[in-house]
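Colleague: what follows is a protein structure lacking sequence information:
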């Protein structure tokens, strides 16, 4: 199974397991989801990221000890990715770098659909100048706003602005878009490839685990 | 279907269709393979690449006109990738950048199993300093040497040297390794993820076409 880490504290099992369920449905990968303790608002600045890193590493160690054959850090900012890779011996994938990598393979001019004004560092380090535009849905400044009425329509409008600015591939720069099936909607409405970071992570993990099951 | 382009002239249908058959078997993607005319030795220097580029573009145009929903340039050097992206309106994936992108998503320290002494440009532009080592199988200086007796064992030895130098993920920097199932063998023998560029290309294409079929 894949050990999936949510980088905020979630008491509701439905919310905790949401990303894992998406991966199970799309790729047939068994997933065990865990979240980090004592951070109900997640990671939103340097101090909260610093507090989260050792918790993410410890969660990954526990998942590996429990039989995880790979670890997925399900956040577009890839918190603690390098630290977890040092700490465990199984493959570790982060949603941000997986999404950036898939976008890179699919096209040269990438538009970011984001909830922040800045390109997340994990994505910037991979895509650099290949990011031709960044847009936020109107009124969205954090992931909870994606759950409000009209968020789908406003996200589609922002994606349309990216295409108008020359983007040939859209990368969703937050895992919160996965719950809205925004990648499917954008590809259907605008006719350009749209990369969801949770699905991209699952895609990369399906490659590793497919090879493992052939070897086993 | 996917339009797959081989960047050398192949008269033998079995050789022409070899990469396509691998993608059909692994991902269930229907593939139509074409090769470029009048280059039986393929691309091996700047002059032969310059000669190939317009042929690759024309082949891609024909495949799109024939109904291809995506184009795959099945060579780790990604010849004419940018030019084909300008020329057609469907997604275009190159084996080199797809392989580099998958390796990037899977690990931070990448070893290249190569047939040349230099890192192919398409891979260098994506991975840069993440490439920690490059090794060639003993006696291998072009892709035809991979068909000789002992090539599998010598490739495995070279992959082992990459791991000894700190590589946590192996990227096969030539599509010729696909015929030897080297990625599966390396992962089984050495226990590290190994990325085949043909399989990586198919993986990225499966994402786009899966989304398209959901939308259609």
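Modeller: All right, it came through fine. A quick note: this is a predicted structure, and the numbers were derived from the prediction, not measured.
Colleague: buried ones in stretch A:134-150?
Modeller: A:134, A:135, A:136, A:137, A:140, A:143, A:145, A:146 (16 or more other Cβ atoms under 10 Å in any protein chain shown). Placement of C-beta: from N, CA and C, glycine included.
Colleague: please disregard the earlier target; I meant stretch A:35-46.
Modeller: Those would be A:35, A:36, A:39, A:42, A:43, for stretch A:35-46 by 16+ other Cβ under 10 Å.
Colleague: which one of these is nearest to residue A:88?
Modeller: The shortest approach to residue A:88 among the buried residues of stretch A:35-46 belongs to residue A:36, at 15.7 Å (Cβ to Cβ).
Colleague: what's the closest one sitting at in phi/psi?
Modeller: Dihedral angles of residue A:36 (phi, psi; degrees, to the nearest 10) stand at phi -80, psi 150.
Colleague: hmm, back to that, closest one of the buried residues of stretch A:134-150 to residue B:48?
Modeller: residue A:134 (39.7 Å).
Colleague: is it fair to say the closest one lies in a strand?
Modeller: Yes - under DSSP: H, G, I helix; E, B strand; the rest coil, residue A:134 falls within a strand.
Colleague: so how far is chain B from it?
Modeller: Relative to chain B, residue A:134 is positioned 20 Å away (Cβ to the nearest Cβ, to the nearest Å).
Colleague: and if you look at residue A:7?
Modeller: Between residue A:7 and chain B the computed distance is 18 Å (Cβ to the nearest Cβ).
Colleague: please apply the same query to residue A:137.
Modeller: Using Cβ to the nearest Cβ, we find residue A:137 at a distance of 20 Å from chain B.
Colleague: now do the contacts for that residue.
Modeller: Contacts for residue A:137 (Cβ atoms under 8 Å, 6 or more residues apart in numbering or on different chains) come out as A:113, A:115, A:145, A:146, A:151, A:154, A:155, A:157, A:158.
Colleague: now with 6 Å?
Modeller: A:154, A:155, A:158 (Cβ atoms under 6 Å, 6 or more residues apart in numbering or on different chains).
Colleague: out of these, list just those in helices.
Modeller: A:154, A:155, A:158 (DSSP state H).
Colleague: tell me the angle the helix or strand of chain A with the lowest mean pLDDT makes with helix B:197-215.
Modeller: Here the helix or strand of chain A ranked lowest by mean pLDDT, DSSP states H and E is helix A:197-215, holding a mean of 85. Per axes from the mean of the first three to the mean of the last three Cα atoms, to 10 degrees, the angle that helix A:197-215 makes with helix B:197-215 is 130 degrees.
Colleague: in helix A:197-215, which residues are buried?
Modeller: Using 16+ other Cβ under 10 Å as the test for burial, helix A:197-215 gives A:197-212.
Colleague: return the list of helices and strands in contact with that helix.
Modeller: Here helix A:197-215 touches helix A:18-27, strand A:70-73, strand A:92-94, helix A:95-106, helix B:182-190, going by 3 or more Cβ pairs under 6 Å, 6 or more residues apart in numbering or on different chains; DSSP states H and E.
Colleague: and the contacts of the third one?
Modeller: With Cβ under 6 Å, 6+ apart as the test, strand A:92-94 has contacts from A:71, A:72, A:73, A:78, A:81, A:84, A:85, A:201, A:204, A:205, B:105.
Colleague: one more time with 7 Å
Modeller: A:70-73, A:78, A:81, A:84-85, A:122, A:201, A:204-205, B:105-106 (Cβ atoms under 7 Å, 6 or more residues apart in numbering or on different chains).
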